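1. Below are the sequence and a predicted model; questions follow.
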Amino acid sequence: MENSKIDNSIGSVRIADEVVEVIAGMAASEVEGVAELTSGFVVDIANMLGRGKNQAKSSKGIKVEIDEKEATVDLFLAAQYGSSIPDVAQKVQFAVKEAIEGMTGLTVNVINVHIQGIAFKNAADVKETKFFKDSKEKKDKDSKEKD
């Protein structure tokens, strides 16, 4: 566990990499168009085989490197189908930079956004929604005919 150390006149403050990962994850997940943070195929396989480091859910898909008072962040995510990938990536970069710098005082030099997939709406959800909508319309029609 690497720590970022901030010295001041009355002592020092250490910020763990994991804290910055959580901040980045929360900021990224709040951006419209981000479906989920992904750890990538290789990490998922390693975790399933018990050979990975089993990242916490909050830091899944995030890699942070901190040197002195500067940070570099890599985010791996899936975008929602229909969203503009360049717009989503730019909004993620801005949100993560603002959150980390605002909460930690670190300077964020680089934020790399890796789009590793597109999340589609589940076909079963679409059919279910259509089924219930059709059923409701039929019920409404039947009740109007009875009146």
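-> Received the coordinates, thanks.
2. So Pro86, which state does it fall into?
-> helix (DSSP: H, G, I helix; E, B strand; the rest coil).
3. Just give the number of residues close to it.
-> Each residue near Pro86 was counted by other Cβ atoms under 10 Å, and the total is 10. C-beta here means a position set from N, CA and C on the backbone, and glycine is covered the same way.
4. Model confidence score at it, please.
-> Pro86 is assigned 96 on the pLDDT scale.
5. Report the helix or strand with the lowest average pLDDT across the protein.
-> Least confident element among the helices and strands of the chain, by mean pLDDT, DSSP states H and E: helix 41-48 (a mean of 54).
6. for the protein, longest strand please?
-> Longest strand in the chain, counting residues (DSSP state E): strand 107-119.
7. What is that one packed up against?
-> With contacts defined as 3 or more Cβ pairs under 8 Å, 6 or more residues apart in numbering; DSSP states H and E, the packing partners of strand 107-119 are strand 34-37, strand 70-80, helix 85-104.
8. could I get those as CSV with distance to Glu18?
-> Formatted as CSV, these follow (distance: least, Cβ to Cβ, whole Å):
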stretch, distance to Glu18
strand 34-37, 14
strand 70-80, 13
helix 85-104, 12
